[in-house]
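# what's the 3D shape of this:
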Amino acid sequence: MVQILALAFITLMSIALAEDTQNAEEQQFTFDYQQLRVGGLILAAVLCLIGVTILLSGHCRCKITRK
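This is a model prediction of the structure:
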């Protein structure tokens, strides 16, 4: 019985401590919108170039047979 109570106590204490550290981390976190915007534009440009490259490479062909 003592072991079960000790386990329950340790579990509750770890949950309480985890919530406190999570709140402290959330308060320190702020978005850097300029860096996020630049990163999004770079990602969009890379994906666009990959798409154009795939379309112009000739690997994507319509295989529809018309009668």
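# So S14 versus A8, what's the distance?
Plainly put, S14 is 11 Å away from A8 if you go by CB to CB, to the nearest Å. C-beta coordinates here come from the backbone N, C-alpha and C atoms, glycine included.
# roughly how far out does stretch 46-55 sit from the chain middle?
Counting by CA atoms, centre = their mean, to the nearest Å, stretch 46-55 is centred 23 Å from the centre of its parent chain.
# pull the CA atoms of it into CSV?
Listed next in CSV are the C-alpha coordinates belonging to stretch 46-55 (Å, rounded to 0.1, in the frame of the first residue of the first chain):
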residue,chain,number,x,y,z
VAL,A,46,12.0,26.1,-54.0
LEU,A,47,8.7,24.2,-54.4
CYS,A,48,7.7,26.2,-57.4
LEU,A,49,11.0,25.6,-59.1
ILE,A,50,10.8,21.9,-58.4
GLY,A,51,7.3,21.8,-59.9
VAL,A,52,8.4,23.7,-63.0
THR,A,53,11.4,21.4,-63.4
ILE,A,54,9.2,18.3,-63.2
LEU,A,55,6.8,19.7,-65.7
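# for that stretch, what is the average pLDDT?
Mean per-residue pLDDT for stretch 46-55: 89.
# State the helix or strand in which V46 lies.
Counting by DSSP states H and E, the element that carries V46 is helix 33-57.
# wait, T30
Assigned by DSSP H and E, T30 falls outside every helix and strand.
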